[in-house]
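**Student:** next one to model:
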Amino acid sequence: MAIQWFPGHMNVTKKAIIERMKEIDVVIEMLDARLPGSSANPMLAELTGTRKKLKVLNKQDVADPERTATWLAWYNAQEGTQAIALDAGDTAPAQRLIKACRELAPNRHGMDKPLRVLICGIPNVGKSTLMNTLVGKKAAKTGDEAGITKIEQRINLANDFYLFDTPGMLWPKITIEKGGYHLAASGAVGRNAYDEEEVALELLTSIKGPYPQLLAARYKLDNVDQIPTLHDEELLTEIGRKRGAVMTGGRVNLQKAAEIVLNDFRSAILGRITLETPEAFEQWAAVAAEAEAERQRKKAARNKKGSGRRADDDAAAEQAD
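**Tutor:** Coordinates of the predicted model:
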């Protein structure tokens, strides 16, 4: 099942970004350091054009540090882009954001040429927490539900530094299936848009290979070396049994087990985990692009066939006349 979630206010956000982009110098995109590829909005590349970009890998304190370094190098190699990692709630790293923006737009300074920055990101990525940290007060609502911020906000971080905050936004069609599951696992997608058991199974697929020791430690699983070879449902069943999600008759409540796994990942109880590497994400993107191209080819063929039938019908009608 593909994960899709694009409520009405996100379309409003898209239009607001298009309008605001006319006067923006730098675009900050906040990413989830646990899923740096899946949490990057492909629609922003179209909306922001050639604007300088700062990729902020937030929640780095709960991500795998080695994989974070790999992702930073990958993003920093892209033209017109810088990337930094931080924890939105930590005051000192947050100040690096201002410095990085000024480096990207060195000619924008002073009251006559203020630096105008737009900050974007998926829902629940930590933008509001960062904004509150930057201004030193609770300027934006925060929470663990996707879609808390619903209106654009402007905050002056300095006399010549204007930061425009936007509501969290996904994109109309998530074509990378694995990315959709990772977004749902992180809490970026509304709860009514996915099946928790299915998402938990996909999450375990991503975790059990690189981090079997974390699963073994958290859920007191035996034979850590065998964890990567377990079927996902078998692994979820064992986790449910170890955590007491057992119903009458000894059957494991997989829904309850799924909720436990998702909560443990989102709250970082499992440990420091990054679900994807640049190489893996590029492979998923290539597969998704080919699937979408094939879908478009089939659609074009159907339309052509339909047009041919209509043309034959029109010709037959003319002969009948």
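**Student:** now residue 121: phi and psi?
**Tutor:** Phi and psi for residue 121, reported as degrees, to the nearest 10, are phi 170, psi 170.
**Student:** leaving out chain neighbours, which residue sits closest to it?
**Tutor:** Nearest non-adjacent residue to residue 121, counting by Cβ to Cβ, 6 or more residues apart in numbering: residue 30, 3.5 Å away. Bear in mind the C-beta positions are built from the backbone N, C-alpha and C, glycine included.
**Student:** how about low-confidence regions in the stretch 201-321 of the chain?
**Tutor:** 306-321 (pLDDT under 70).
**Student:** rewinding a little: the residue nearest to residue 121: what's it in contact with?
**Tutor:** 56, 58, 88, 119, 120, 121, 122, 125, 126, 127, 130 (Cβ atoms under 8 Å, 6 or more residues apart in numbering).
**Student:** switch the cut-off to 6 Å
**Tutor:** Residues in contact with residue 30, defined by Cβ atoms under 6 Å, 6 or more residues apart in numbering, are 56, 58, 121, 125, 127.
**Student:** same thing with residue 72?
**Tutor:** Residues near residue 72 by Cβ under 6 Å, 6+ apart: residue 83.
**Student:** and it, what pLDDT?
**Tutor:** Per-residue pLDDT puts residue 72 at 98.
**Student:** so it: helix, strand or coil?
**Tutor:** helix (DSSP: H, G, I helix; E, B strand; the rest coil).
**Student:** for the residue nearest to residue 121, give the beta-bridge partners.
**Tutor:** Note on residue 30: beta-bridge partners by DSSP bridges are residue 56, residue 121.
**Student:** so for residue 192, what pLDDT did the model give?
**Tutor:** 84.
**Student:** surely it forms part of a strand?
**Tutor:** No. Under three-state DSSP, residue 192 sits outside any strand and is assigned helix.
**Student:** thinking again about what came up before, so which of the contacts of residue 30 comes closest to residue 203?
**Tutor:** For the contacts of residue 30, the residue nearest residue 203 by Cβ to Cβ is residue 125; the value is 17.5 Å.
**Student:** residue 241: how many residues sit nearby?
**Tutor:** Residues within reach of residue 241, counting by other Cβ atoms under 10 Å, total 16.
**Student:** pretty sure it contacts residue 251?
**Tutor:** No. Counting by Cβ atoms under 6 Å, residue 241 stays clear of residue 251, with 9.8 Å between them.
**Student:** no further questions, thank you.
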